[in-house]
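Chemist: no sequence on hand, only this structure:
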């Protein structure tokens, strides 16, 4: 095993820990003392992987299903239910490919800690050679209650691989997705605000892969459907030159454009305010949410500094964030 020492928790990114903090152990592993170094090698994980999925950012990326036995994470065997998903560094030629796990981890932590977006519990974890992998805890499987019903928005909209290929997940607009929530969710006003915050977050942190399959509804214990915890959040612009919006029609349906967008050809404050009102959020409430996202929160920079990204990539990550923050602060109607 390569000798390497951590200076912060690989889950919460809090300083002063050389392994998982007590808070991280509670959230991820029910308080069990789990090592931040996996008890198996990357080669072994590749050998047992049965689920290989094509993703836009990384070509073919393996996802290893794990379960927790006593205090150790182990790949599942036949007929076992996985509790965690492990995503090693993908085998691709995209920029800074070795930093994809750290990118996803940092972006998920910023969403949770700064913007109070409910996310899948997650962490970085390491193979014995010290190479990182992204670990996330499944939220659709509960040990006592079994698997919860989970439907992504591609399924809800009737788009599937059988009906035209994987590119269908990029079709439509975020306004169309909001209509799906209104149609499927009883507590629509609550969930649509969560959706709005998530759309804002993806824009602010340059996640150009926030397509239909990366939003889901999940069944509650009472049988209602709500927006699932967020997952697959990362700054895709670090690795690919993608668009600001994953959906082909952007924010709005029916070719709607604001004066601001017509003048500047990028989304800014006026666009998101108009979007919020269109999907049913009160204007005053929408303005308050936007004001929060317009602030440069110091915790973003603390988390980025403590993250496992290289120093060069931290700077690019921060520069991309500032570029989007500047756009979000701009109002065509007020200037």
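Modeler: Here it is on my side, so go on. Given the structure is predicted, the values throughout are model-derived calculations rather than measurements.
Chemist: for residue 71, the count of nearby residues, please.
Modeler: 12 (other CB atoms under 10 Å). (Glycine included, C-beta is placed from N, CA and C.)
Chemist: pretty sure it sits against residue 39.
Modeler: No - using CB atoms under 8 Å, residue 71 makes no contact with residue 39, being 9.7 Å away.
Chemist: distance of the residue lying closest to residue 310 once chain neighbours are set aside from residue 279?
Modeler: Spatial nearest neighbour of residue 310, excluding adjacent residues (CB to CB, 6 or more residues apart in numbering): residue 99 at 6.5 Å. According to CB to CB, to the nearest Å, residue 99 stands 34 Å off from residue 279.
Chemist: residue 93 too?
Modeler: 38 Å.
Chemist: so between the two, which is more surrounded?
Modeler: For residue 93 and residue 279, the more surrounded residue by other CB under 10 Å is residue 279, and the numbers stand at 23 against 7.
Chemist: assess the claim that the more buried one and residue 192 are in contact.
Modeler: Yes - here residue 279 reaches residue 192: they are 5.7 Å apart, a contact under CB under 8 Å.
Chemist: go ahead and flag the most central residue of the protein.
Modeler: With distances taken as CA atoms, centre = their mean, residue 233 lies nearest the centre of the chain, 2.0 Å away.
Chemist: ok, that residue - contacts?
Modeler: Residues near residue 233 by CB atoms under 8 Å, 6 or more residues apart in numbering: 104, 107, 108, 111, 119, 201, 202, 205, 207, 210.
Chemist: just the closest of these to residue 261, please.
Modeler: Using CB to CB, residue 202 comes nearest to residue 261 of the contacts of residue 233, at 17.3 Å.
Chemist: which SSE is the closest one in?
Modeler: Per DSSP states H and E: residue 202 is located in helix 188-204.
Chemist: which strands and helices sit next to that helix?
Modeler: helix 174-184, strand 225-227, helix 269-278, helix 283-294, helix 311-329 (3 or more CB pairs under 8 Å, 6 or more residues apart in numbering; DSSP states H and E).
Chemist: can you put those in TSV and add mean neighbour count, distance to residue 78 and mean pLDDT?
Modeler: Formatted as TSV, the helices and strands packed on helix 188-204 follow (neighbours: other CB atoms under 10 Å; distance: least, CB to CB, whole Å; pLDDT from 0 to 100):
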stretch	mean neighbour count	distance to residue 78	mean pLDDT
helix 174-184	18	34	96
strand 225-227	20	31	96
helix 269-278	20	46	98
helix 283-294	14	46	98
helix 311-329	16	39	98
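Chemist: grab the nearest non-local neighbour of the residue nearest to the centre of the chain.
Modeler: residue 107 (4.7 Å).
Chemist: my read: the one you found touches residue 206, true?
Modeler: No - contact criterion CB under 8 Å: residue 107 and residue 206 do not qualify, at 9.3 Å.
Chemist: looking at those two, which one has more neighbours?
Modeler: residue 107 (28 against 19).
Chemist: now do the strands in the chain.
Modeler: Secondary structure of the chain (DSSP state E): strands located at 52-55, 59-62, 64-69, 72-75, 84-88, 122-126, 132-137, 141-142, 146-147, 150-152, 216-219, 225-227.
Chemist: any idea which of those is most buried?
Modeler: Most buried of these, by mean neighbour count (mean count of other CB atoms under 10 Å): strand 122-126, with a mean of 24.
Chemist: which residues sit against that strand?
Modeler: 4, 10-11, 20, 24, 28, 36-38, 73, 86, 101-102, 104-105, 108-109, 132-137, 308.
Chemist: ok, now which ones touch residue 290?
Modeler: Residues near residue 290 by CB under 8 Å, 6+ apart: 200, 269, 272, 273, 276, 328.
Chemist: what residues does residue 109 make contact with?
Modeler: Residue 109 touches 11, 12, 13, 122, 303, 307, counting by CB under 8 Å, 6+ apart.
Chemist: low-confidence ranges, this structure, go.
Modeler: The chain contains residues with pLDDT under 70 at 1-4, 44-61, 143-145, 160-166, 335.
Chemist: ok so, going back, the residue nearest to the centre of the chain and residue 154, how far apart?
Modeler: Taking CB to CB, one finds residue 233 at 18 Å from residue 154.
Chemist: kindly report the same for residue 22.
Modeler: 38 Å.
Chemist: between the two, which one's more packed in?
Modeler: Comparing residue 22 with residue 154 by other CB under 10 Å, the one with more neighbours is residue 154, at 23 against 11.
Chemist: what's around residue 128, how many residues?
Modeler: For residue 128, using other CB under 10 Å, the count is 13.
Chemist: how much space separates it from residue 104?
Modeler: 21 Å.
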